[in-house]
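Colleague: Mind looking at a prediction? Sequence and model below.
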Amino acid sequence: MHNYNREMDITQTHVPDIALSSTGTGMPTLSQHLTCAKLKTFIRKTRSGGVIKISREHYLRSDLTCGVTTCLQCEQTKELPLLIGVDPTTCGLVSSTYCLLIDTNTGIHQLDILEDDSVSDVILLQTVLNEVKHKSLPAYKRIRDLYTNRDKRFFVFVNEHHRDTYVGRDPGESANDYNDRLIRVACSWYNRHLQDRNLQVVLVTNDIPNRDKARSEGLLAFTIEEYVYSLSNSLSLAGKLSSVESRDESAKDLFPEYIPLNKLRKFVESGKLLSGSYSASRDNFREGYVNVHVDSADSDRLFVQGLRNINRAIHEDVVGVELLPEEEWFVPSALVLSDNEEDVDDGLGEEGEERQSKRARKVKKGAIPSGRVVGIIRRKTRSYCGMLATRPGLPTTSNRHLFRPTDRRIPFIRIETRQANDALLGRCISVNIDSWPRYSRYPLGHYAGTVGVAGDIGTETEVILSEHDVPHSAFSRAVLDCLPPADWRIPVAELETRRDLTGLCVASVDPPGCTDIDDALHSVVLPNGNLEAGVHIADVSSFVRPGTALDREAAERGTTVYMADRRVDMVPGLLSSDLCSLRGGETRLVFSCVWELDGRAEVVATRFHKSVIRSRAALTYKEAQMLIDDADRVDELSESLRLLNRLAKTLRARRMAAGALVLASPEIRFQMDSETNDPIDIAAKEDLETHSLVEEFMLLANISVAKQITRNSARLRYFAGIPRLPLPTSTFSLT
């Protein structure tokens, strides 16, 4: 039996909303602008053994806007960033106002140029976005941040669904040549479309054959180097160009050749090779581990020793690795070796490989499962902070430098920049890795920016955040546009859908100086003699809608990060420190977990609901402890805190008796100078009962939520990425 399924392929799901021109009625009429370019039919077998016949239709439209504000043929939409053009006086290659149209390689390798504030009005084709996403997801995410930032004016044009810019693939034409042709066709259409607007579209590509073909077709086309060096601010931009170094014919290969990626994936799937994340050693630059599962060795990682075996893998790269025969396994070295020691035997070249092989055969005792890297599946894409390595005899006017990363697990990086040496020496800079050829001792990279003066507290804090991949840039315009107005008030309709708990004595307990108060508690004695306690969590979901730029940014950050002199917010301050902060005397939206407990702190009933509260006080731990300890205080707030504290002690004692694991370490607090914001003293955090009070009720809330999820989702194996594990047996113990 055959099932038939018809799919309409109009747009790619990861491309932004299509901008439409409007008809005379003010509304687009789809049928007037839609034609079918091709029909593709194929058969697909299902998991159950059935067969599905799929017909995929590729539709073209004539009402997709070009995105240029001055265009008279297209009616633009205000929801998308629009192109206004770049002033030609800033570029020596173009005589009129222009926009840039980039190819895939530019989008992947020259992102530091594209992210510079001076670069704007760029057309991103659907063809380019699809290919960038396929080749490099980190690069695609950075491009997505660019086209969602209205100030940058990066416009996405869905060229493969426009009637005048789509062309079919010729027989025998490679995918790369076809994509290049689609890019040239779109560039040509833009120039014809805008010829009466005195605005040119310039193709930027480092593919020389593609550039030459574009020029032969009458298009303005330049390499990224040609374009950057023609700009008035070329000095500051040129240093950010992705490094491309031509090989010296006399240079010998130092490292083994990689297995091509397509073959590497097949070998991994078949089990001939293994794959995993490479972790470099902090103590010895010639050693590391690949975190894999090796059935034959009963191990979850392979030891890699020697630069040839590491084979240009960089910390956190996903690599393909070959398990060595047991007689070639290595013993981890007890030496501490850093890469700045010139007398270290690096084991490169044929002689080094022979010495390394002899050394491996001699040492047997203590050898562990070992392997060698044979290919890179995915490079870790990020910027590295550090300083230029000063070497005796290096000319001070040289444009070529050796960069020493702060992270000892990262190798030195060769960079070339026109930035003056005086502007870089003694400063912390950031560098991106571009490639690592077989003939080069170190990877090649390019200067991405200056962090600040080395040793300055602001610079060092920036380095810590960057080295730990903590997103800490300013929130983009797209994120800020998702926020409510500063004078926002709770709508009456919203109040009607929530339980009104503003009459309860609710209070928060936090460290001193805390402004992002996200939880509060209350307790009362019920008429039946039982006790009621509740935890109230700020309802951020009322302001963060799924799929918005704010939602994506919050998911990327994951949490608020606290440093000695600053706080890196997960959401903008209007939410974290105001509308979602449970400040004293302010009405706020919360999600509540409320329990009825008996005198032994046993939970009798639990309820969850959205609520509205008005906190009576925002207390510090010490202030709350003083209210609890002051026997003369008999007000409602003090009595509520005492009741919570008594319940917390009982809950904690029960957890300890049940074998709870306590993970505690001494906490310290920095005392900051009020004028310079520099730390001037360090004090151990005082251990108070109120710390345990808050901790116990947060744990009880999490336990209650977990039980509720389990009851309502018995068939759900995973929830929020947390596996549902079986209960431990009676013989379970921690060793």
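Modeller: All right, it came through fine.

Colleague: And the strands in the stretch 1-150 of the chain, which stretches?
Modeller: 2-9, 34-45, 51-61, 97-102, 122-125 (DSSP state E, counting those that start in this stretch).

Colleague: likewise the stretch 151-300 of the chain?
Modeller: Taking DSSP E, counting those that start in this stretch as the criterion, the stretch 151-300 of the chain carries its strands at 154-157, 199-204, 221-222, 274-280, 287-294, 299-305.

Colleague: Show me what the shortest one is in contact with.
Modeller: Okay, so that is strand 221-222. Identification of contacts with strand 221-222 by Cβ atoms under 8 Å, 6 or more residues apart in numbering yields L93, C187, V202, L203, V204, T205, N210, R211, A214, R215, S230. In this view, the C-beta of every residue, glycine as well, is placed from N, C-alpha and C.

Colleague: returning to that earlier point: so can I have CSV of the strands of the stretch 151-300 of the chain showing mean neighbour count and mean pLDDT?
Modeller: Written out in CSV, the entries for those read as follows (neighbours: other Cβ atoms under 10 Å; pLDDT from 0 to 100):
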stretch, mean neighbour count, mean pLDDT
strand 154-157, 24, 93
strand 199-204, 24, 94
strand 221-222, 23, 94
strand 274-280, 20, 93
strand 287-294, 20, 84
strand 299-305, 21, 85
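
Colleague: what's the closest of the ones you listed to D407?
Modeller: Counting by Cβ to Cβ, D407 lies closest to strand 274-280 out of these; the figure is 9.0 Å.

Colleague: now that closest one and strand 287-294, what's the angle there?
Modeller: Here strand 274-280 points in a direction 150 degrees away from that of strand 287-294 (axes from the mean of the first three to the mean of the last three Cα atoms, to 10 degrees).

Colleague: Partner strands of strand 274-280 and their direction?
Modeller: Partners of strand 274-280 in the sheet, by DSSP bridges, are strand 287-294 (antiparallel), strand 318-323 (antiparallel).

Colleague: per-residue pLDDT, the residue nearest the centre of the chain?
Modeller: With distances taken as Cα atoms, centre = their mean, the residue of the chain nearest its centroid is E556 (5.3 Å). Predicted confidence (pLDDT) for E556: 90.

Colleague: Quick check on the contacts of strand 221-222: which are buried?
Modeller: Of the members of the contacts of strand 221-222, the ones counted as buried by neighbours, 16 or more other Cβ atoms under 10 Å, are C187, V202, L203, V204, T205, N210, R211, A214.

Colleague: Show the contacting residues for the third one.
Modeller: Under the criterion of Cβ under 8 Å, 6+ apart, the contact list for L203 reads L101, I102, D103, I183, R184, C187, R211, A214, L219, L220, A221, F222.

Colleague: now the helices for the stretch 51-200 of the chain?
Modeller: Using DSSP state H, counting those that start in this stretch, the helices of the stretch 51-200 of the chain run over residues 104-109, 111-114, 126-135, 137-147, 175-193.

Colleague: Quick one: closest of those to P471.
Modeller: Taking Cβ to Cβ as the criterion, P471 comes closest to helix 137-147 out of the helices of the stretch 51-200 of the chain, the separation being 10.5 Å.

Colleague: Now stretch 178-195: average pLDDT?
Modeller: Rounded to a whole number, the mean pLDDT of stretch 178-195 is 94.

Colleague: Can you list the buried residues in it?
Modeller: Buried residues in stretch 178-195, counting neighbours by 16+ other Cβ under 10 Å, are found at 179-191, 193-194.

Colleague: contacting residues around it?
Modeller: Outside of stretch 178-195, the residues that reach it under the criterion Cβ under 8 Å, 6+ apart are 66, 68, 71, 73, 99, 101, 103-104, 123, 125, 127-128, 131, 157, 159-160, 162, 164-167, 169-170, 173, 200-201, 203, 205, 207, 210, 213-214, 217-219, 221.

Colleague: what do you get for stretch 282-295?
Modeller: By Cβ under 8 Å, 6+ apart, the list of residues contacting stretch 282-295 from outside reads 274-281, 299-307, 310, 313, 315, 319, 321, 323, 332-333, 335-339, 344, 346-347, 369, 371, 373, 408-409, 411.

Colleague: Just confirm V594 contacts V604, I think it does.
Modeller: No. When contacts are counted by Cβ atoms under 8 Å, V594 is not listed as touching V604 (11.5 Å).

Colleague: If you count surrounding residues, which of those two has more?
Modeller: Between V594 and V604, V594 has the larger neighbour count (other Cβ atoms under 10 Å), namely 21 against 13.

Colleague: Against R588, how distant is the more buried one?
Modeller: Per Cβ to Cβ, to the nearest Å, V594 is found 16 Å from R588.

Colleague: H315 too?
Modeller: Applying Cβ to Cβ, one obtains 44 Å for the distance of H315 from R588.

Colleague: Kindly reformat the helices of the stretch 51-200 of the chain as CSV containing distance to K53.
Modeller: Below are the helices of the stretch 51-200 of the chain laid out as CSV (distance: least, Cβ to Cβ, whole Å):
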stretch, distance to K53
helix 104-109, 33
helix 111-114, 42
helix 126-135, 26
helix 137-147, 32
helix 175-193, 26
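
Colleague: contacting residues for D112?
Modeller: Applying Cβ under 8 Å, 6+ apart to D112 gives the contacts K240, S242, N432, H446, A448, G449.

Colleague: Show me where the stretch 551-700 of the chain has its helices.
Modeller: Counting by DSSP H, counting those that start in this stretch, the stretch 551-700 of the chain has these helices, from start to end: 573-574, 621-629, 636-657, 689-712.

Colleague: contacting residues for V431?
Modeller: S383, Y384, G386, F403, P405, I413, I415, G445, H446, Y447, A448.

Colleague: Which strand residues bridge L337?
Modeller: Beta-bridge pairing of L337 under DSSP bridges involves N284.

Colleague: and it, how far is that from F285?
Modeller: Counting by Cβ to Cβ, the gap between L337 and F285 amounts to 6 Å.

Colleague: Lovely, talk soon.
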